[in-house]
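Engineer: Next one to model:
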Amino acid sequence: MTEQRPPRPQLDGVEAEPASTFAAVPDSFQRLWTPHRMAYIDSHHRAENDGACPFCTAPERDDESALIVARGEHAYVLLNLFPYSSGHLLVCPYRHVATYDHANADEVAEIGALTQVAMRVLTQTAHCEGFNIGMNQGRIAGAGIAGHLHQHVVPRWSNDANFMPIIAGTKSVPRLLGEVRSEIARAWPSA
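Structural biologist: Sure thing, here's the model as predicted:
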């Protein structure tokens, strides 16, 4: 009697190779392969190589196509094109400045004020229960676009981090970016 093996998983019609046959020394680490992240990595690599900073060019476009939800005098708010959760916002100064310590007092004050409004609007529209707020300063600290300061405002809900990112390498974002942008922009208080 021969042993029946389950079929190997396939990706785009190509049979997946089992990790046990890889040319490497076995270790205790599990590997999560996330090739879908290459779209994100490539987009930043292209932007850096062609000299176009997406946070400098976004304010030159219309709000809808740039995913901008609010504009201030020194800073603006837009949706993250690669969100951690639905409603993930970025607060950016208009001026191309890399780190928080190089932002001037007006930029710092407006980034803070816009972040507070973003929290109120997201609580009202998305009914979130908490937030992750922060800045990654420099590429080594995880900044995807290290040359232009930006603060993340990530809405959170209880049980929002499920098995999908860990097991399936997939983030579940239940709404389209355009829908979320329109809803947040409509709810944003006028100056």
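
Engineer: now the strands: where do they sit in this protein?
Structural biologist: 10-11, 14-15, 68-71, 75-79, 89-93, 130-134, 151-156 (DSSP state E).

Engineer: so which of these is the most packed in?
Structural biologist: Highest mean neighbour count of the strands of the chain: strand 89-93, a mean of 26 (counted as mean count of other CB atoms under 10 Å). C-beta coordinates here come from the backbone N, C-alpha and C atoms, glycine included.

Engineer: quick one on the thing from earlier: pipe the strands of the chain into CSV and attach mean pLDDT and distance to Glu179 per row.
Structural biologist: Listed next are the strands of the chain as CSV, based on pLDDT from 0 to 100; distance: least, CB to CB, whole Å:
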stretch, mean pLDDT, distance to Glu179
strand 10-11, 51, 29
strand 14-15, 57, 34
strand 68-71, 97, 12
strand 75-79, 97, 10
strand 89-93, 97, 15
strand 130-134, 94, 20
strand 151-156, 94, 15
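
Engineer: Nearest to Val180, out of these?
Structural biologist: strand 75-79 (6.2 Å; CB to CB).

Engineer: if we can go back for a sec, adding distance to Asp106, write the strands of the chain out as TSV.
Structural biologist: Below are the strands of the chain laid out as TSV (distance: least, CB to CB, whole Å):
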stretch	distance to Asp106
strand 10-11	50
strand 14-15	54
strand 68-71	15
strand 75-79	9
strand 89-93	9
strand 130-134	20
strand 151-156	15
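
Engineer: Those: which one's closest to Ala185?
Structural biologist: Closest among those, once you apply CB to CB, is strand 68-71, at 4.6 Å.

Engineer: Other residues contacting that closest one?
Structural biologist: 58-59, 61, 63, 76-79, 89, 114, 117-118, 121, 181, 184-185, 188 (CB atoms under 8 Å, 6 or more residues apart in numbering).

Engineer: Check the gap between Ala143 and His150 for me.
Structural biologist: Separation of Ala143 from His150 (CB to CB, to the nearest Å): 8 Å.

Engineer: Need the overlap of contacts for the two.
Structural biologist: Met135.

Engineer: now His148, nearest residue through space, not along the chain?
Structural biologist: Closest residue in space to His148, ignoring its immediate chain neighbours: Phe55 at 4.1 Å, by CB to CB, 6 or more residues apart in numbering.

Engineer: so what pLDDT did the one you found get?
Structural biologist: pLDDT for Phe55: 95.

Engineer: So which of the strands of the chain is nearest Ala103?
Structural biologist: strand 89-93 (6.0 Å).

Engineer: So which elements touch the lengthiest helix in the chain?
Structural biologist: When the chain is parsed with DSSP state H, its longest helix is helix 105-126. When contacts are defined as 3 or more CB pairs under 8 Å, 6 or more residues apart in numbering; DSSP states H and E, helix 105-126 sits against strand 68-71, strand 75-79, strand 89-93, strand 130-134, strand 151-156, helix 177-187.
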